[in-house]
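Q: here is my input, please return the structure:
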Amino acid sequence: MSAGRPVVHVLGLGPGPLDLITLETLRLLEEADEVLVRTSRHPCVEELRERGVRMRFMDRHYEEGADMEDVYSTIAWEVTAAARVRGEAYYAVPGFAMLAERTVQLLLEEDVEVRVYGAVSYFDAVLATLGLDAVEGMLLLDADRLLAGSYGMLDPRVATLLAQVDSRLKASEVKLALLEVYPPHHAVNVVRAAGTAGAGMEEVALEELDREERFDHLTTIHIPAREETDIYDFQRLLDIIARLRGPDGCPWDRKQTHASLARHMVEEAYEAVDAIQHQDWDHLSEELGDLMLQVVLHAQLASEEETFDVRDSLHSIIAKLLRRHPHVFGEVKLDTPEEVISRWERIKAEERGEPSVLDGLSEGLPALLYAFKLQTRAARVGFDWDEAEDVLPKLEEELREVECALRGGEGDLEVELGDMLFTLVNVCRHYRVDPEIALRRSSRKFELRFRAMEERCAGEERNMQDMTLEELDCLWEESKEK
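A: Okay, the predicted model is just below:
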């Protein structure tokens, strides 16, 4: 025994009968004055009693604890307390202590020396029942861990083992999580009491997992991997683009460069915006996929050029979001959207060391959006009209200057029209109207009315080019009424 800290001997009881306990563990169990046992619900407990092993069970904590974490914490505290009183303690757990044993992880955080002894785990028994070799790739999860997290931790490319699916209710919750990744007909294996005389396995469709009472604390679910051709996720997209750009890939894709793809990025972004404006969510889903394709293409190009890859882009945006949201991921307290924006801009300025509040704006933005962002940046440092109505006289002033340029030939008409547009954007900003969306709505309205005029003329076998302006105006007014 250590002369310093108290010692906790952690003994694995294996998954089944006493035959699966190591000789070393059996000797320690028989020599101990008392063994603290996490649960009496284990196949070898009766055999240990027959051998005279003195045991104190912790089952009462499962009924007294507020939740499972509270149960495990209380058990770890009791074991630690026993070790401090006696100098050492013997603690027995099902299976192997370093596999799916939360109490042992909590003991490792205490100021005690933890000695773990080897044991057969339920994992070994499940693999033997299934006839699998884990080296081929496998994800091992506790069912509660899956439910507390999200289906995002699942990897359909490798087999998954879900332990502790101990009730039909939990199986229902597990099924719903799995259905986010696997199809309803995907075959899964329910492994029961692996390592015991009553071991068994049943194959069922995922959608039927919870339709019968087949679960207890010794139940594990095996979810086989999916075929690559059945997987539609981000990694599959990366793989497809890499192949398209590969030696045996697509001639068009292999020819592309960052410059040749640039216009496609803009076009796809505008098509996504158009879907939003029309509230066409199915179309938006498709357009976001097209936009994602452009992102992955540029990342693949950069990877080939060894300048960056998609992981660098993901790291950059994740780090930026964490850094710029200290009120969510840190200790800063911000209560209003205005406070958030102010803090965001301050963090951006600190990151870039920018001398101007206008630095960082891309001149490649559409003109209306660029003007809108310039005005917004300037307004954040107080350079703005106090009231929205104050902008209207400025708009009238710019209109008069345009009239002078048109009628008297004074001044630069392009400059004057630009000033009027810039001021009109300011009006939009003050009245909380997005000028880009407003202009798109008007353009779309014009398009619909003009198309109606064309259809009317086609129906009457008339040519618009042969009609007078008065006739066209009449058609326009009719299309407006419709």
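Q: hey, where'd the helices end up in the stretch 351-482 of the chain?
A: Along the stretch 351-482 of the chain, the stretches classed as helices by DSSP state H, counting those that start in this stretch are 367-379, 391-408, 413-430, 435-459, 469-481.
Q: tell me the pLDDT of the most centrally placed residue in the chain.
A: Centroid check for the chain by Cα atoms, centre = their mean gives Gly152 as the closest residue, at 6.7 Å. Note on Gly152: pLDDT of 84.
Q: now His217. Nearest residue, chain neighbours left out?
A: Leaving out its chain neighbours, the residue that sits closest to His217 by Cβ to Cβ, 6 or more residues apart in numbering is Asp166, at 4.6 Å. Placement of C-beta: from N, CA and C, glycine included.
Q: report the residue spans of the stretch 351-482 of the chain with pLDDT below the cut-off.
A: Within the stretch 351-482 of the chain, the stretches with pLDDT under 70 are 352-354.
Q: an error on my part: the question was meant for the chain.
A: When residues are selected by pLDDT under 70, those of the chain lie in 1-3, 352-354.
Q: so how far is Ser443 from Leu284?
A: Look at Leu284 and Ser443: by Cβ to Cβ, to the nearest Å, they are 20 Å apart.
Q: look at the two and report which has more neighbours.
A: Shown here are Leu284 and Ser443; by other Cβ atoms under 10 Å, Leu284 has more neighbours (18 against 10).
Q: didn't that one look like it was pressed against Ala275?
A: Yes - between Leu284 and Ala275 there is a contact under Cβ atoms under 8 Å: 3.9 Å.
Q: who touches Leu178 in this structure?
A: Leu178 makes contact with 151, 154, 186, 188, 206, 209, 223 under the criterion Cβ atoms under 8 Å, 6 or more residues apart in numbering.
Q: export these as JSON lines, with columns for neighbour count, distance to Gly52 and secondary structure.
A: Below are these laid out as JSON lines (neighbours: other Cβ atoms under 10 Å; distance: Cβ to Cβ, whole Å; DSSP: H, G, I helix; E, B strand; the rest coil):
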{"residue": "Tyr151", "neighbour count": "14", "distance to Gly52": "48", "secondary structure": "helix"}
{"residue": "Leu154", "neighbour count": "20", "distance to Gly52": "46", "secondary structure": "coil"}
{"residue": "His186", "neighbour count": "17", "distance to Gly52": "49", "secondary structure": "coil"}
{"residue": "Val188", "neighbour count": "23", "distance to Gly52": "42", "secondary structure": "strand"}
{"residue": "Leu206", "neighbour count": "20", "distance to Gly52": "47", "secondary structure": "helix"}
{"residue": "Leu209", "neighbour count": "23", "distance to Gly52": "43", "secondary structure": "coil"}
{"residue": "Ile223", "neighbour count": "24", "distance to Gly52": "43", "secondary structure": "strand"}
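Q: closest to Glu350 out of these?
A: The closest of these to Glu350 turns out to be Tyr151 (Cβ to Cβ; 37.0 Å).
Q: what is the burial count for the closest residue to that closest one other than its chain neighbours?
A: Once flanking residues are discounted, Tyr151 sits nearest to Glu180: 4.1 Å by Cβ to Cβ, 6+ apart. Glu180: 10 surrounding residues under other Cβ under 10 Å.
Q: just Leu421 next, same as before
A: A count of nearby residues for Leu421, using other Cβ under 10 Å, gives 15.
Q: excluding chain neighbours, what is closest to it?
A: Leaving aside its sequence neighbours, Leu421 sits nearest to Ala371 (Cβ to Cβ, 6+ apart; 7.4 Å).
Q: ok, which stretches of the stretch 51-200 of the chain are helices?
A: Taking DSSP H, counting those that start in this stretch as the criterion, the stretch 51-200 of the chain contains helices spanning 60-64, 68-86, 102-107, 122-130, 143-148, 168-178.
Q: columns distance to Val45 on top of those, output as CSV?
A: Listed next are the helices of the stretch 51-200 of the chain as CSV, based on distance: least, Cβ to Cβ, whole Å:
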stretch, distance to Val45
helix 60-64, 15
helix 68-86, 17
helix 102-107, 17
helix 122-130, 16
helix 143-148, 24
helix 168-178, 24
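Q: which of these sits closest to Asp33?
A: Nearest of the helices of the stretch 51-200 of the chain (Cβ to Cβ): helix 68-86, 8.0 Å.
Q: buried stuff in that closest one?
A: Of the residues in helix 68-86, 71-76, 78-80, 82-84 count as buried by neighbour count, 16 or more other Cβ atoms under 10 Å.
Q: what does stretch 355-362 give?
A: Residues of stretch 355-362 classed as buried by neighbour count (16+ other Cβ under 10 Å): Val357.
Q: I'd say Asn463 and Cys457 touch.
A: Yes - the pair Asn463 and Cys457 qualifies as a contact (Cβ under 8 Å) at a distance of 7.0 Å.
Q: now Arg145: closest residue in space, sequence neighbours ignored.
A: Using Cβ to Cβ, 6+ apart and skipping the chain neighbours, the partner closest in space to Arg145 is Met153 (7.9 Å).
Q: and that neighbour, what does it touch?
A: By Cβ under 8 Å, 6+ apart, the contact set of Met153 is 141, 145-146.
Q: circling back to that earlier point, can you put the helices of the stretch 351-482 of the chain in TSV and add distance to Leu334?
A: Below are these laid out as TSV (distance: least, Cβ to Cβ, whole Å):
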stretch	distance to Leu334
helix 367-379	19
helix 391-408	29
helix 413-430	23
helix 435-459	28
helix 469-481	47
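Q: any idea which of those helices gets closest to Tyr270?
A: Shortest distance between Tyr270 and these, using Cβ to Cβ, is found for helix 435-459: 9.1 Å.
Q: in that closest one, what's buried?
A: Buried residues in helix 435-459, counted by 16+ other Cβ under 10 Å: 435-436, 440, 449, 452-453, 457.
Q: so which two of these are the farthest from each other?
A: Once Cβ to Cβ is applied, these give Pro435 and Cys457 as the farthest pair, at 32.8 Å.
Q: gap between Leu406 and Leu399?
A: 11 Å.
Q: ugh, typo on my part, it should be Thr74
A: In this structure, Thr74 and Leu399 are 77 Å apart, going by Cβ to Cβ.
Q: can you check Ser285 too?
A: Counting by Cβ to Cβ, the separation of Ser285 from Leu399 is 43 Å.
Q: which one's more surrounded, the two?
A: Leu399 (15 against 11).
Q: for that one, which non-adjacent residue is closest in space?
A: Closest residue to Leu399 apart from its sequence neighbours, by Cβ to Cβ, 6+ apart: Met420 at 6.1 Å.
Q: wait, what's in contact with that neighbour?
A: Met420 makes contact with 395, 398-399, 401-402 under the criterion Cβ under 8 Å, 6+ apart.
Q: CSV please, covering the residues you listed and showing distance to Cys428.
A: Putting the contacts of Met420 into CSV (distance: Cβ to Cβ, whole Å) gives the following:
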residue, distance to Cys428
Leu395, 11
Glu398, 14
Leu399, 16
Glu401, 20
Val402, 18
